[in-house]
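>>> what follows is a predicted structure for the sequence shown.
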Amino acid sequence: MSEQELKLHVPAAARKALEQEIKQRDASRVRLHAMYFDTPERELARARVAIRLRREGNVWVQTLKTPGNNAITRIELNHPRPGPILDLSVYAGTEVESTLACLKGELGLRYETDVTRLIRKVRNRFGTVEIAYDRGLLRAGALELPINEIEFELMSGKPAAMFTAARVYLKRHGLVMDARSKSERGDRLARLAHTLDGLHEDAARCAAIDEFWATTGARGVRLDAAMTAAQGLGEVAAECLDQITRNAAVLAEVDTDGVRNAGNPEHVHQLRVGIRRLRSAWRLYDGYAGLPPARLQEDVRGFFSAFGANRDQDVLQESIIPALIRAGMPTFPMEAPPPGAPSREIAASPEFQGWLLDMLEWSLDVPAAATGVAVGSGADLSAGAGDSVATGSSNGIAANGMTAGDDAAATLGLAGEDAAGGPASPAAYKAAQRAALQAAQAAGAVPAPIDWDSAHAPQIVPSIIPLVPPEQEAPPTLHDLLAKRLRKWHRRVLHEGQHFAELDIPTRHALRKRAKRLRYGLNFTESLLPSVKVRDYKNRLAAVQDVLGEMNDLSVAHDLYRQWSVQYPQAWFALGWISARQEELVAKAQHAFKQLAHAKAFWK
């Protein structure tokens, strides 16, 4: 069976109030102790399969989980067990039989969870949702992680029921989206425990621990040529949102609140990369699929800028200032203007987390592009008749070739007979003619009143439907649509880039953004394109981006040092160094664009 659920982290400051709210109504409490199994080489985890034995109160249940077709769906197989006995034979004949049969290592206990779950059900106009608040620990070897999360599982109705319930709790208690399941966190913790067992130096152990909360970069998106544009955008958006959500969770200190500062500038960078990629996807599919509501598109611009203020300071401190000091810049007290809010505060804010929740809901069911009414191969043929009348056709003939609607046609059909089926009298015949004419005029089938008996009766022009419908041109495929747009973006980037030295600063900045958008769009589409040509093109485009990215960082630093030069003459050293470096980069950019012009045409 499949299950659909949302999982959010509960910050320390909200736990007491949230628990009290859940307990206000009918709620039950149960103790859950689960043991998760895998081989030493993590064969199940690599196959994205999780197997556990869980004691639920006094009952044992064996569960196998695999991912579903989207971010909120899981395939779950449950089997009651008489005790802590793992029985793989229950999966014979199922889709996971081959995975289990191919295991090379021996299954063993990898990690455990021990939580107390508070459960209640809520109903709204979209359906029924079970709310489960878990508090406890995740254990792997000698390591432990806290569990403080709330799950919203759909019991009946539409997924909107989950999102509606989660939205209320998120706003009220400041919840944080967390894309990781317990099994994913447990597998990572077990790997860390195994790594630490073999390390003895403090520096090496600290580096391994830092790796546990490493950044999440962009992952490949696999598109199917048979997908619609809406389905393609849904796949791409889901991957971008996963990157944003995972980096935001670390910045919000989901695992380390009050214990360790796991979030760092690279998480901010990767979060912003995820946002850029998402916005690039909207541009790539614009007109081909429905985009998010304008409010969500507008909100993300503000979040991107807020995170960007923190990112600019990070680049200055970590890259530019060290380079200037190595070049001999005299030191002076540099105080960059503080950003509007720290990255952690922005990432954990109800506004940003609410945006993530709304975007996730949108990505699960991306609508088709809004278009005008079009007649496809399966269109109702009667539409042609309506079009003829509406455009003021001179003869007003219906699709069936008659001059009236159903009522008039029936009347005309009885024109030579009375209601009983016998020959009609002359008076009845005349009356039938008048009735047919009035009905035809009312239906708009006869343009103007005329004398039916005159020689000017309306001419009836029949319509003929062919035996075999005419062949229609096949609609463009997803490959055709995306390749066409990428080709257009390529031409514009190349047109401006070949004259890079002549561009002013704002135009160069805009070109840098377009180059990023082109690269992200190519990454989204490359599964549909020739791999050899794509690889060559990506390498050349990456060289362009590297140069433009460094120039942008230097431009931001130049503005800051110009402000400092009013008070500190030492800043003029930095301004001179930055200007000289920018001149070098202009020549490098010109060369990079020239190389891009000779890249293979990936869209063919």
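Received the coordinates, thanks. Fair warning: this is a prediction, and the values are worked out from it, not measured in the lab.
>>> then Tyr111 would be within a helix, right?
No. With DSSP: H, G, I helix; E, B strand; the rest coil as the criterion, Tyr111 is located in strand rather than a helix.
>>> for the protein, longest helix please?
helix 531-564 (DSSP state H).
>>> I'd like the next helix or strand past that one.
Using DSSP states H and E, the helix or strand that follows helix 531-564 in sequence is helix 571-597.
>>> quick one: average pLDDT of that next one?
Averaging pLDDT along helix 571-597 gives 92.
>>> same deal with stretch 309-317?
Stretch 309-317 comes out with an average pLDDT of 71.
>>> same question for stretch 547-561.
For stretch 547-561, mean pLDDT is 87.
>>> buried stuff in it?
Buried residues in stretch 547-561, counted by 16 or more other Cβ atoms under 10 Å: Val547, Leu548, Glu550, Met551, Asn552, Asp553, Leu554, Ala557, His558, Leu560, Tyr561. C-betas here are computed from N, CA, C, even on glycine.
>>> so can I have JSON lines of the residues you listed showing distance to Asn261?
What follows is the buried residues of stretch 547-561, written out as JSON lines (distance: Cβ to Cβ, whole Å):
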{"residue": "Val547", "distance to Asn261": "33"}
{"residue": "Leu548", "distance to Asn261": "32"}
{"residue": "Glu550", "distance to Asn261": "28"}
{"residue": "Met551", "distance to Asn261": "31"}
{"residue": "Asn552", "distance to Asn261": "27"}
{"residue": "Asp553", "distance to Asn261": "24"}
{"residue": "Leu554", "distance to Asn261": "29"}
{"residue": "Ala557", "distance to Asn261": "25"}
{"residue": "His558", "distance to Asn261": "30"}
{"residue": "Leu560", "distance to Asn261": "25"}
{"residue": "Tyr561", "distance to Asn261": "29"}
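>>> of these, which is the nearest to Lys488?
Among the buried residues of stretch 547-561, Leu548 lies closest to Lys488 (Cβ to Cβ), at 19.7 Å.
>>> which residues touch that closest one?
Arg508, Leu511, Arg512, Ala515, Ala589 (Cβ atoms under 8 Å, 6 or more residues apart in numbering).
>>> got it, and Thr94?
By Cβ under 8 Å, 6+ apart, the neighbours of Thr94 are Leu77.
>>> which non-adjacent residue is nearest Ala237?
Using Cβ to Cβ, 6 or more residues apart in numbering and skipping the chain neighbours, the partner closest in space to Ala237 is Ser363 (4.2 Å).
>>> which residues touch the helix or strand containing that neighbour?
If you go by DSSP H and E, Ser363 is part of helix 350-364. If you take Cβ under 8 Å, 6+ apart as the criterion, helix 350-364 is touched by 6, 70-72, 159-160, 163, 166-167, 170-171, 174-177, 234, 237-238, 241, 244-245, 248, 278, 292-293, 296, 299-300, 303, 346.
>>> now list the buried members of these.
The buried subset of those - by 16+ other Cβ under 10 Å - is 6, 71-72, 159-160, 163, 166-167, 170, 174-177, 234, 237-238, 241, 244-245, 248, 278, 292, 299-300, 303, 346.
>>> confirm Asn148 sits in a strand?
Yes. Counting by three-state DSSP, Asn148 falls inside a strand.
>>> how many residues are close by it?
The number of residues packed near Asn148 is 19, by other Cβ atoms under 10 Å.
>>> you'd agree it is up against His9?
Yes. Look at Asn148 against His9 with Cβ atoms under 8 Å: they come within range, at 6.5 Å.
>>> going along the chain, name the strands of the protein.
In the chain, the strands defined using DSSP state E lie at 2-9, 28-38, 50-56, 59-67, 73-81, 108-124, 127-140, 143-157, 176-177.
>>> and Ala142, how many residues sit next to it?
8.
>>> name the nearest residue to it, ignoring sequence neighbours.
In space, and not counting its chain neighbours, Ala142 is closest to Ala193: 6.5 Å by Cβ to Cβ, 6+ apart.
>>> residue contacts, that neighbour?
Ala193 neighbours (Cβ under 8 Å, 6+ apart): Ala140, Gly141, Ala142, Leu143.
>>> out of those residues, who's nearest Val221?
After measuring the contacts of Ala193 against Val221 - Cβ to Cβ - the closest member comes out as Ala140, at 31.1 Å.
>>> wait, the closest one touches Leu189, no?
Yes. Assessed by Cβ under 8 Å, Ala140 is found in contact with Leu189 at 4.1 Å.
>>> can I assume Arg52 is in contact with Tyr36?
Yes. Counting by Cβ under 8 Å, Tyr36 is a contact partner of Arg52 at 4.7 Å.
>>> overlap in contacts of those two?
The contact sets of Arg52 and Tyr36 overlap at Ser183 (Cβ under 8 Å, 6+ apart).
>>> for Pro265, the count of nearby residues, please.
16.
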